[in-house]
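[1] 3D, please:
(chains A and B)
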Amino acid sequence: GESVGLHLPTLSVQEGDNSIINCAYSNSASDYFIWYKQESGKGPQFIIDIRSNMDKRQGQRVTVLLNKTVKHLSLQIAATQPGDSAVYFCAVQSGNFNKFYFGSGTKLNVKP
Amino acid sequence: ETGVTQTPRHLVMGMTNKKSLKCEQHLGHNAMYWYKQSAKKPLELMFVYSLEERVENNSVPSRFSPECPNSSHLFLHLHTLQPEDSALYLCASSRVGSSTEAFFGQGTRLTVV
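    Numbers count the residues shown, from 1 in each chain, chains lettered A, B, ... in the order given. Model (predicted):
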């Protein structure tokens, strides 16, 4: 199986600062990783993904870093905006393409 | 819109009622999932259907009964639920056989009274 944990349940940042949200996973065979954003009253929405053959991937204002040695995943949000306020989940897929395991989520609060 | 639609959005039911949650996806995916989301807990994977066959049942009580009549539709039949079953139930879909993300519906907020 797989267990996925997030380091902080809540993160507060000032608007314009960078945010870093962390995630740890247990299965070294995990090969696909996703970050989701969940706003109040909505389902999780895809932000960015990374495969195990990479250690960094960038999107628009977001970067995902993967450290397979310590089984750690992070999401960096540049110039955080009020619209970034949400709960962020990492999801891990291990071998069996049908299963995604989720962490408990980090609530990001952006202070104006 | 994510292409995954869940109905109803909200449901209140008594412990002796029978109800069903519905999920429909228009993405051409061939795997569908039910997740339970409770406050301050990770999303719990309940059931996985791949190519219309149930491939995962994560020790879910029998009062939850899934049904997948085709690759676009997924149901969760509920009967004799308990108050602790109150949660947000999320449906998701993905494509089997490749590392691609799962797309989620908006969820059904279930309250058992």
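[2] A:Ile21: which element?
    strand A:19-25 (DSSP states H and E).
[3] that strand and chain B in contact?
    No - judged by CB under 8 Å from any CB of the partner chain, strand A:19-25 stays clear of chain B, getting no closer than 11.0 Å. C-beta: built from backbone N, CA, C; applies to glycine.
[4] name the helices or strands packed onto that strand?
    Applying 3 or more CB pairs under 8 Å, 6 or more residues apart in numbering or on different chains; DSSP states H and E, one finds that strand A:19-25 makes contact with strand A:4-6, strand A:10-14, strand A:72-77, strand A:86-93, strand A:106-111.
[5] out of those strands, which is the most enclosed?
    The highest mean neighbour count among those, using mean count of other CB atoms under 10 Å in any protein chain shown, belongs to strand A:86-93: a mean of 24.
[6] do you know which of the helices and strands packed on strand A:19-25 lies nearest A:Thr63?
    Closest to A:Thr63 of the helices and strands packed on strand A:19-25, according to CB to CB: strand A:72-77, at 4.4 Å.
[7] how far off centre is that closest one?
    6 Å (CA atoms, centre = their mean, to the nearest Å).
[8] now do that strand: everything it contacts.
    For strand A:72-77, the external contacting residues (CB atoms under 8 Å, 6 or more residues apart in numbering or on different chains) are A:18-25, A:33, A:35, A:47-48, A:50, A:61-67, A:84, A:88, A:90, A:92, A:108.
[9] A:Thr63 and A:Lys107, how far apart?
    20 Å (CB to CB, to the nearest Å).
[10] equivalent analysis for A:Gly16, please.
    A:Gly16 is 19 Å from A:Lys107, where distance means CB to CB.
[11] cool, B:Ser59 as well?
    Between B:Ser59 and A:Lys107 the computed distance is 28 Å (CB to CB).
[12] what do you get for A:Gly59?
    Distance, A:Gly59 to A:Lys107, using CB to CB: 21 Å.
[13] for chain B, just list every one of the strands.
    B:4-7, B:10-13, B:18-25, B:31-37, B:44-50, B:53-57, B:64-70, B:73-79, B:87-94, B:103-104, B:108-112 (DSSP state E).
[14] select, out of those strands, the one closest to chain A.
    Closest to chain A of those is strand B:103-104 (CB to the nearest CB; 3.6 Å).
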